[in-house]
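Trainee: just a sequence and a predicted model for now, questions to come.
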Amino acid sequence: MLLARLARVSLEVAATSARSRKVALLADLFRDTAPQDVPIVIPYLSGRLPQGRLGIGWSTLGDPVPPAAEPSLAVAEVNAELTAVGAMSGAGSQAGRRARLQRLLGAATADEQRFLRALLTGEVRQGALDAVAADALARAAGAPPEDVRRAVMLAGSLQAVARELLARGPEALGAFRLTVGRPVLPMLAHTAGSVIEALGKLGPCVVEEKLDGIRVQVHRDGDEVRLYTRTLDDITGRLPEIAAAVRDFPGERFILDGEVIALGADGRPRPFQETAARVGSRRDVAGAAATVPVVPVFFDALSVDGRDLLDLPFTERHAALAGLVPERMRVRRVLAADPADAGTREAADAFLATTLALGHEGVVIKKLDAPYSAGRRGASWLKVKPVHTLDLVVLAAEWGHGRRSGKLSNLHLGARGPDGSYVMLGKTFKGLTDTMLAWQTERLGELSTGDDGHVVTVRPELVVEIAYDGLQRSTRYPAGVTLRFARVLRYREDKRPQEADTVETVLSRRT
Ligand SMILES: Nc1ncnc2c1ncn2[C@@H]1O[C@H](COP(=O)(O)OP(=O)(O)OP(=O)(O)O)[C@@H](O)[C@H]1O
């Protein structure tokens, strides 16, 4: 496929707000996409590079180059060239990278240049495209849209489904079944303001403790146990004690969902950073396991003995879980089968208070008859946390002063706008530890797109979790609000910027 075709469709899709038009444009594009181009076309459409980070900023791209009159570049050729540029390193590589990129841009038409520059600097503005693209794919391949959506959910990847579907047609969808050993994206939660509000929204439900650990999906097939993160990374080798515990469960083949957490001798959670460092570390696993042991705490079962449980009500999935996992390795919970009853509501509220007193983060309230919506922020899970937090994207950072000089410190924070752009909500340098300052100075340096000596602007790729005390009106910031007492809790490297909170979410929290 020619880059010109993809660039034009990308610009047209961004320019229209009508979903049906977006689907039609993308369906046309997919009809002309060769299966081998799928791993390039899909990421390019959503503004991502298949290579991940290439470390190319405005400075590497250099001055404008005269565009080519006629399109000639194929996407595969462009992609191979970018891989080669990404691989150049060492002394003098910067000039070499720039020269190659200039040559590439010189072979591109004006539209293609615009697209390439935006792609390379992370500025292709597309809102959440995956759902629209899945429907477009269904239309292009003549498959039922709900079957394609389910396959995408189970594969955890639009790209994988697109490739098979375009190569083999609708029969290919049958291969995307829930399978032990192949992780699926986890179900996620929305936020509710209080337990009572959540109970009112959900009806018959269960209130579970919300542990501040790391999400894991556990797959067991006989003696083989594998552990996956929320972003589907295989972390089996890092957590031998979890795999050992799971091997003791009575079933032979199953998939469970839960949280891994480091607890102190008193049973209270250790600081989140300790759990995160433990799960993130590949080095000296045995030593780390001895100093910071972690335990699994499960809350759902997705498959047991070859039976796919995803569409069953939560009550039944939980019964299956309870048949496999001992109680001490399941989340604490209290049933709220009749939320209209005053006693039930009181007990649910009291459960939140006890959970917080035990040092946990809050509760997740789950509708009893809801299926498991893999990969979705389903409306049937609502979390309630006393501390308000938002996952925001770092847009820029200011050079620090005094003790922090030479370090990038004050962060400019943005929420996702409706068109895929970011809307700045405020700044903060509070809560940053020395380790975080050092880390972010390096990481933001890599993402830099400009430095005026005071503010370094960056590609919007890093997600950071911010606690705040409330919203206040502001004439300085474009959404008309800013965060009161914003402080950094932690970086969320497990989240992509497309998963950050939206301006709409932020505004809905106004009281
Ligand atoms: N009992 C539980 N049920 C579901 N998720 C739980 C539970 N206890 C802890 N969690 C964690 O809480 C998260 C649910 O919140 P959400 O889906 O919004 O994810 P998140 O964006 O990572 O949120 P947060 O930053 O609040 O953890 C899960 O991803 C999981 O890691």
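Mentor: Received the coordinates, thanks.
Trainee: which ones are touching residue 473?
Mentor: Contacts for residue 473 (CB atoms under 8 Å, 6 or more residues apart in numbering) come out as 480, 481. Any C-beta I mention is one placed from the backbone N, CA and C, and that applies to glycine too.
Trainee: show me what residue of the stretch 351-500 of the chain gets nearest to the ligand.
Mentor: Nearest residue of the stretch 351-500 of the chain to the ligand: residue 364, at 3.9 Å (CB to the nearest ligand atom).
Trainee: where does that residue sit: helix, strand or coil?
Mentor: Here residue 364 is recorded as strand under DSSP: H, G, I helix; E, B strand; the rest coil.
Trainee: need the pLDDT of it.
Mentor: If you check residue 364, the pLDDT there is 98.
Trainee: the ligand contacts on this structure?
Mentor: Within reach of the ligand by CB under 6 Å from any ligand atom, the chain has these residues: 188, 189, 208, 210, 211, 215, 230, 259, 299, 331, 364, 383.
Trainee: need the helix or strand of the protein with the lowest average pLDDT.
Mentor: Ranked by mean pLDDT, DSSP states H and E, the helix or strand of the chain with the weakest confidence is helix 58-61, at a mean of 74.
Trainee: next secondary structure element downstream of that one?
Mentor: helix 75-87 (DSSP states H and E).
Trainee: distance from the chain centre to whichever helix or strand comes after that next one, please.
Mentor: Heading C-terminal from helix 75-87, the first helix or strand you meet, by DSSP H and E, is helix 93-106. Between the centre of helix 93-106 and the centre of its chain there are 32 Å (CA atoms, centre = their mean, to the nearest Å).
Trainee: what of stretch 59-70?
Mentor: Using CA atoms, centre = their mean, the offset of stretch 59-70 from its chain centre is 33 Å.
Trainee: over to stretch 22-36?
Mentor: 25 Å.
Trainee: what about it, average pLDDT?
Mentor: Mean per-residue pLDDT for stretch 22-36: 96.
Trainee: so what touches that stretch?
Mentor: With contacts defined as CB under 8 Å, 6+ apart, stretch 22-36 is touched by 1, 5-6, 9, 12-13, 16, 41, 45, 76, 132-133, 135-137, 139-141, 162-164, 166-167.
Trainee: with stretch 266-282 instead?
Mentor: Here stretch 266-282 has contacts from 211-214, 229, 235, 237-239, 260-264, 288-289, 292, 294, 358-360, 490, using CB under 8 Å, 6+ apart.
Trainee: now list the buried members of those.
Mentor: Neighbour-count burial (16 or more other CB atoms under 10 Å) is assigned, among these, to 211-214, 229, 235, 238-239, 260-263, 288-289, 292, 294, 360, 490.
Trainee: buried sites along stretch 452-469?
Mentor: Within stretch 452-469, the residues scored as buried using 16+ other CB under 10 Å are 455-468.
Trainee: residue 192 is in contact with residue 201, correct?
Mentor: Yes - contact criterion CB atoms under 8 Å: residue 201 and residue 192 qualify, at 6.8 Å.
Trainee: overlap of the contact sets of these two?
Mentor: Common contact partners of residue 201 and residue 192 (CB under 8 Å, 6+ apart): residue 382.
Trainee: out of the two, which sits in the more crowded spot?
Mentor: Remark: of residue 201 and residue 192, residue 192 carries more neighbours, 21 against 16, as counted by other CB atoms under 10 Å.
Trainee: my guess is the more buried one contacts residue 365. True?
Mentor: Yes - using CB under 8 Å, residue 192 is in contact with residue 365, at 7.0 Å.
Trainee: how about low-confidence regions in the stretch 101-250 of the chain?
Mentor: For the stretch 101-250 of the chain, the stretches with pLDDT under 70 are 125-128.
Trainee: so where do the helices sit in it?
Mentor: Assigned by DSSP state H, counting those that start in this stretch, the helices in the stretch 101-250 of the chain fall at 110-120, 130-141, 145-155, 158-168, 195-202, 240-247.
Trainee: ok so, going back, can you pick the most crowded of the residues of the chain next to the ligand?
Mentor: Neighbour max across those (other CB under 10 Å) = residue 211, 27 neighbours.
Trainee: once you drop chain neighbours, what's closest to it?
Mentor: Nearest in space to residue 211, with sequence neighbours left out and distances taken as CB to CB, 6 or more residues apart in numbering, is residue 259 at 4.6 Å.
Trainee: check residue 299 too.
Mentor: The shortest distance from residue 299 to any residue other than its chain neighbours is 4.6 Å, reached at residue 331 (CB to CB, 6+ apart).
Trainee: my read: that neighbour touches residue 207, true?
Mentor: No - counting by CB under 8 Å, residue 331 stays clear of residue 207, with 10.1 Å between them.
Trainee: now do the SS call for residue 390.
Mentor: Put simply, residue 390 is strand when judged by three-state DSSP.
Trainee: and the nearest residue to residue 30 once chain neighbours are set aside, how many neighbours?
Mentor: Counting by CB to CB, 6+ apart, residue 140 is the residue found nearest to residue 30 once chain neighbours are left out, at 3.7 Å. Using other CB under 10 Å, the number of residues around residue 140 comes to 21.
Trainee: try residue 433
Mentor: Neighbours of residue 433 (other CB under 10 Å): 11.
Trainee: number the residues from 320 up from this point.
Mentor: Sure, I'll start numbering at 320, so the last one becomes residue 752.
Trainee: isn't residue 809 up against residue 786?
Mentor: No - between residue 809 and residue 786 there is no contact under CB under 8 Å: 9.9 Å.
Trainee: what residues of stretch 448-460 count as buried?
Mentor: 448, 449, 451, 452, 453, 454, 455, 456, 457, 458, 459, 460.
Trainee: quick check: residue 492 vs residue 744, distance?
Mentor: 41 Å (CB to CB, to the nearest Å).
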